[in-house]
Structures are given as C-alpha cells and as structure tokens.
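Enquirer: Fold the following and give me the result.
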Amino acid sequence: MKIRRLPRRELPDVRKQFIRMIDDNVHPDAIKAALRLGRSTFFDWRRKYRTGGAEALMVRPIPGGAPKLTDRQESRLRGLIVGRDPRQFQFDFALWTRKIVRDLIRREFEVEMTPQGVGKLLRRLGLSPQRPVYRAQQQDPEAVRRWKTEEFPAIRAQARAEGAQVYFGDEAGVRADHHSGTTWAPVGQTPVVKVTGERCGVNMISAVSPQGTVHFDVFFGWCNAEIFVEFLKKLVHDAPGPVFLILDNLSVHKAQIVKDYVASLEGRLKLFFLPAYSPELNPDEWVWKNVKNDQVGRAGIRRGSELFGLATRALERLQQLPEVVCGFFGDPSLAYIGMGQESVSSVSG
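Expert: Residues are numbered from 1 along each chain as shown. Just a heads-up that it's a prediction; the model follows:
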C-alpha cells in the first residue's frame, strides 16, 4: 500500500471519516488501506480520539494570516515557475528570486506579498533555492537526442565488435588562486586562509573509461595539436587493444597533425565527437570537478610551484580509485552510456 502525504486542506474530511470507521469497529488494516494511512499515523490518531474525543482530532488553523492565494492560484504559480525561465515573462534576469516571484504574483493575481511571505509560500510549494546548471543555448536538443539514442549506441556496439576500449577525453586548466570548499569558524567571524598571491596555472588532459581507468598528462602552457598527439601516443601505448576516444569539438582535436597520426595507426585509434556545447555528456568533466574543486581548490597553495605537484597527485589518486571514477558515470546526464553498473561490478569483483 502506498502511503500518501495528506494536504492540510484534506485533513478535516479524512479525520471525520476515520472517526466514523472507528465508531463502526472497522478493522485497523481496513482503515489504513481505505485512508492510505501509515501505521504510526493510525495509532496516533486512535490514541488521540480515545483520550480526547473528536475535539482532539480537529485541524488547528495555521498560525498567522490567511493565505493570500487560493489553492488553485498556488497550483498555477508553481506551474509558472517550475521548468520556466523568468525571461519568458519579460523579466531581466534568468534566476527566480523572491522579488521576481513577488512581481509575478502581483502581475498574475493582483495580490501583494512581502518577500518573507513569498519565501514561505515557495517552500510550501515544495521549492527551495538551488544552484542551477548552466547550459549553452546553442546546444541542439535534436543532436543530443541522436547522440544518446543512435550515435553512441552504434559506437559502443562497434567497440565491442572490435574489442576496443571506449574512453572519454577532455582538457582543463587550474590556477593557483582557484579556491573551493568551506571551513568551520566562529559565527560572524570570516575565517582567513593564508595562500599564495602568485597568478600561475597548469593545464591537464585526461581520458577516462567506464571501467574506472584514468590516463592523464599535466603540462605548462596551452594544449596544442602537438601536445594532444603526444598524449594520444601514451594512451595507445598503455591500452591493451584498440582505443575509441570520444572528445568535444575543440579545434585541436581535429587538427591535420592529429588526423595524420590517427590514420597512421590503421584503426588502432578512432576519434569520435560529442554534440556541440554538450559538456554534460562527457564524464571527464567529473574528473576536473574532483581535481579542481575537491582536491586542488581546498589545498590552500602557499607557493605557485606546488600547483603542478598537487594536480599530478590528485590525478594519480583517481587512478588508484577506480570505484570513484565509475561513480562519475552515475550522473543522470550520463545514463545514456549504459555501462555504469557493469563497470562498478567488474571493478569491485
């Protein structure tokens, strides 16, 4: 039996029905099933009724003023907000704030509310402030659909037929002044962490497989076609069989020197490309989150010279934790890969 959470407006009628069924000596299991009550709710209501009568089960009014919006208006407001962008309603910003919602309520329902009242209303509607994920508006939804349902399944089938290992690759940079994370401190006193003021950075390139394998390089300077080819050489050398490498559409990945090197391997290495503006389809993005935000960004670098070693050790750590890497593939945006569970079991086994 599926237990339901009763809306407050339905409670009076449900409790009246509960009292009638108790008075008629209906079996407890039948009452719980008919009203879809949990076991603890049933016994709590029965105890209150036996000790305090019907008065004990009366629904008390909500403290404070009466709701400004009707149930129907609240339902409509939620529909206007969820999955919508404020710019669709001619607001200047892309994020829902209490002020923008207040203006929307005024426009749609001619009702005035305070920001605090709007906040309480939004929480009552099951909404909470959250950090959004930003996606490029240039992304082609149809191209993404084809990649998930047609192109990648074909690549996966081809890899299995040829005994190839599928990898996802990407590049990233990290700076000495990149900071992340929080620390405990007395309330009202902003903590201070001493770090270097040097402005320096390193760049990284990696390839990750659904089986938890990580290959990487750390280097100074920009990633050009020559550096990318050197990384490909190491990847092919370390892989036991053919390699299928999936990349974004960076021009370096499609340079002539890269094409010539791939052709020289006569099928040992094949490159494939994700739909444009679709980083969420690449699990290697999770490698960079782990390295940059979870490792380097929390280290508190005192000298710029430490950065290269920190980035290298963070990537080496991931190489020793294939179960963590397999966990990256559990992101809902990566469900199309369809190898996550298989990978985890093979690693743990």
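Enquirer: ok, the nearest residue to Pro242 once chain neighbours are set aside - contacts?
Expert: With Cβ to Cβ, 6 or more residues apart in numbering as the criterion, Pro242 has its nearest non-adjacent residue at 3.7 Å, and that residue is Ala164. (C-beta placed from N, C-alpha, C; glycine too.) Residues in contact with Ala164 (Cβ atoms under 8 Å, 6 or more residues apart in numbering) are Gln158, Gly241, Pro242, Val243, Phe244, Lys270.
Enquirer: Mind doing that once more with 7 Å?
Expert: For Ala164, the contact set (Cβ atoms under 7 Å, 6 or more residues apart in numbering) comprises Gly241, Pro242, Val243, Phe244.
Enquirer: And for Arg302?
Expert: Val195, Thr196 are the contacts of Arg302 under Cβ under 7 Å, 6+ apart.
Enquirer: tell me the SS of it?
Expert: Here Arg302 is recorded as coil under DSSP: H, G, I helix; E, B strand; the rest coil.
Enquirer: Check what pLDDT it gets.
Expert: At Arg302, the model reports a pLDDT of 75.
Enquirer: Pull the number of nearby residues for Ala159.
Expert: Counted by other Cβ atoms under 10 Å, the residues lying close to Ala159 total 19.
Enquirer: that older thread, list buried residues within the contacts of Ala164.
Expert: Buried members of those, counted by 16 or more other Cβ atoms under 10 Å: Pro242, Val243, Phe244.
Enquirer: Among the residues you listed, which lie within strands?
Expert: The members of these that map onto strands under DSSP state E are Val243, Phe244.
Enquirer: and of the buried ones among the contacts of Ala164, the nearest to Thr196?
Expert: Checking the buried ones among the contacts of Ala164 against Thr196 with Cβ to Cβ, the nearest one is Val243 at 38.2 Å.
Enquirer: tell me which residues in stretch 59-78 are buried?
Expert: Buried, per 16+ other Cβ under 10 Å, within stretch 59-78: Lys68, Leu69, Glu74, Leu77.
Enquirer: least confident pick among those?
Expert: Ranked by pLDDT, the buried residues of stretch 59-78 bottom out at Lys68, which scores 84.
Enquirer: Am I right that it is in a strand?
Expert: No. Assessed with three-state DSSP, Lys68 is coil; it does not lie in a strand.
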